[in-house]
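1. Provided below for reference: sequence and predicted model.
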Amino acid sequence: MTLRNIILHPDPRLKTICKPVAAVSDDLRRLADDMLATMYDAPGIGLAAPQVGVLSRMIVMDCIKEDAAAARPMVLLNPEIVWSSEELNVYEEGCLSIPDHFADVERPAQVTIRWLGLDGKPEEERFDGLWATCVQHEIDHLNGRLFIDHLGPIKRQMITRKMEKLKREKARA
Ligand code: NI
């Protein structure tokens with residue numbers, strides 16, 4: 001297992017519409033393990049393949065709180081939102097590609113997601129609460145969309161400028 005490097009915003013790879021996963025391979029299973037390890041290490045509750053530079057429709061997540069009994073690592077290939085509630089919910093979101101920035105984002109409170117598991121079998125499940133927010137945030141990543149794209153232009157540009165500065169400082173270090 002290898003921890004992968006998380007790409008920081010702004011980066012064209014984070015603005016790309018990712019390609020569907022065509023087949024489950026050993027490489028893909030390795031990537032899923034690496035992404036879960038990278039997510040837990042960060043620590044975070046979700047990670048999308050483009051954030052580690054792989055432009056494929058794959059996400060991992062685990063929204064179980066650390067102090068809860070058992071983890072629930074999930075790997076979703078080609079996830080699709082097949083139903084969203086009219087009821088909305090606001091969560092303060094963050095992103096491993098935009099560290100130290102948080103903002104309220106409004107999204108459907110419940111969603112039904114269809115995806116392929118690592119065994120190649122179709123799955124479907126309804127998510128709510130933090131899981132619903134997280135899965136929508138991660139699917140956004142597969143469509144080149146970040147949580148700051150849900151904010152107004154002034155807030156978005158402010159965060160982007162701070163991130164550009166952070167990346168310049170990192171490059172010099
Ligand atoms: Ni994110």
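-> Good, I have the coordinates.
2. And what about the most centrally placed residue in the chain, helix, strand or coil?
-> Most central in the chain under CA atoms, centre = their mean is E138, positioned 3.0 Å from the mean C-alpha point. When classified by DSSP: H, G, I helix; E, B strand; the rest coil, E138 comes out as helix.
3. And it, what's its pLDDT?
-> Reported pLDDT at E138 in the predicted model: 98.
4. Skip the chain neighbours and tell me the closest residue to it.
-> Computed as CB to CB, 6 or more residues apart in numbering, the closest residue to E138 that is not its neighbour in sequence is I59, at 3.9 Å. Glycine gets a C-beta too; all of them are placed from N, C-alpha and C.
5. and what of D41?
-> Closest to D41 by CB to CB, 6+ apart is L3, at 5.6 Å.
6. Assess the claim that that neighbour and T38 are in contact.
-> Yes. Using CB atoms under 8 Å, L3 is in contact with T38, at 5.1 Å.
7. more crowded one of those two?
-> T38 (22 against 14; other CB atoms under 10 Å).
8. Quick one: residues contacting the more buried one.
-> Each residue near T38 by CB atoms under 8 Å, 6 or more residues apart in numbering is listed here: L3, R4, I6, L47, V52.
9. phi, psi of the nearest residue to the third one once chain neighbours are set aside?
-> What that stands for is I6. Distance criterion CB to CB, 6+ apart; nearest residue to I6, sequence neighbours excluded, is L96 at 5.1 Å. L96 has phi and psi values of phi -60, psi -20 when expressed as degrees, to the nearest 10.
10. Tell me which stretches of this protein form helices.
-> Ranges of helices in the chain, per DSSP state H, are 26-41, 129-142, 153-172.
11. Most tightly packed of those?
-> Highest mean neighbour count among those (mean count of other CB atoms under 10 Å): helix 129-142, with a mean of 21.
12. Show me what that one packs onto, helices and strands only.
-> strand 46-48, strand 58-61, strand 74-84, strand 88-93, strand 103-108, strand 110-116 (3 or more CB pairs under 8 Å, 6 or more residues apart in numbering; DSSP states H and E).
13. got a markdown table for those strands, with mean neighbour count too?
-> What follows is the helices and strands packed on helix 129-142, written out as a markdown table (neighbours: other CB atoms under 10 Å):
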| stretch | mean neighbour count |
| --- | --- |
| strand 46-48 | 28 |
| strand 58-61 | 27 |
| strand 74-84 | 19 |
| strand 88-93 | 15 |
| strand 103-108 | 16 |
| strand 110-116 | 19 |
